[in-house]
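Engineer: sequence unavailable; structure follows:
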């Protein structure tokens, strides 16, 4: 159990939500991979003159997902791909295989991960940790064009 003396919290701040900015990001994928969206999310925050609020990202597909993961060591993404393949293998005897043997495993992987993320925006910057990045995860084996809705709600400059 954590002692209350160890916990610290900054002084709360409030902002009136005066802005809603929305964009649709289209991302071509080469097949099963992680695509770093952090630079695009950062550019969007700058373009809408965001100050303080929240950025929501939502992928409009059922066989791709979003995640926040380490951006320093590429072997993390390799191991995550391996883990997802072990959790939802192509040869598991799925009944839904209309679009190929990787289709149902892709749906399961999306269910295990996320289709939306919310990232705080503080002083016009994404409040990500030092080693964090925002990724689109393509679960299918062949190339796709994925759509991600970006929406900022908060105060702007």
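Structural biologist: Alright, I've got the coordinates. Quick caveat, the model's predicted, so the values are computed rather than measured.

Engineer: which residues touch the stretch of helix or strand residue 146 belongs to?
Structural biologist: When elements are assigned from DSSP states H and E, residue 146 belongs to strand 144-156. Strand 144-156 has contacts (CB atoms under 8 Å, 6 or more residues apart in numbering) with 15-29, 37, 40-41, 44-45, 48-61, 64, 66, 121, 136, 138. Using the backbone N, CA and C atoms, a C-beta is placed for each residue, glycine as well.

Engineer: show me these that map onto helices.
Structural biologist: 40-41, 44-45 (DSSP state H).

Engineer: tell me which of the contacts of strand 144-156 fall in strands.
Structural biologist: 19-29, 50-59, 64, 66, 121, 136, 138 (DSSP state E).

Engineer: show the buried residues in these.
Structural biologist: 19, 21, 25, 27, 29, 50-53, 55, 57, 59, 64, 66, 121, 136, 138 (16 or more other CB atoms under 10 Å).

Engineer: buried residues, the longest helix seen in the chain. List them.
Structural biologist: Criterion DSSP H: the longest helix present in the chain is helix 75-87. Using 16+ other CB under 10 Å as the test for burial, helix 75-87 gives 77, 80-81, 84.

Engineer: which among those gets closest to residue 107?
Structural biologist: Nearest to residue 107 among these, counting by CB to CB, is residue 84 at 12.1 Å.

Engineer: what sits against that closest one?
Structural biologist: Contacts of residue 84 (CB under 8 Å, 6+ apart): 109, 112-113, 137, 139.

Engineer: do you know how far it is from residue 34?
Structural biologist: Here residue 84 is placed at a distance of 10 Å from residue 34 (CB to CB, to the nearest Å).

Engineer: quick check: neighbours shared by these two?
Structural biologist: With CB under 8 Å, 6+ apart as the test, residue 84 and residue 34 both reach residue 137.

Engineer: now the spatially most central residue of the chain: closest residue in space, sequence neighbours ignored.
Structural biologist: Centroid-nearest residue in the chain, with CA atoms, centre = their mean: residue 66, separated by 3.1 Å. Closest residue to residue 66 in three dimensions, ignoring its sequence neighbours and counting by CB to CB, 6 or more residues apart in numbering: residue 117, at 4.9 Å.

Engineer: circling back: so what's the residue nearest to the centre of the chain bridging to?
Structural biologist: With beta bridges defined as DSSP bridges, residue 66 has these partners: residue 114, residue 136.

Engineer: from what I can see it touches residue 136, true?
Structural biologist: Yes: between residue 66 and residue 136 there is a contact under CB atoms under 8 Å: 6.1 Å.
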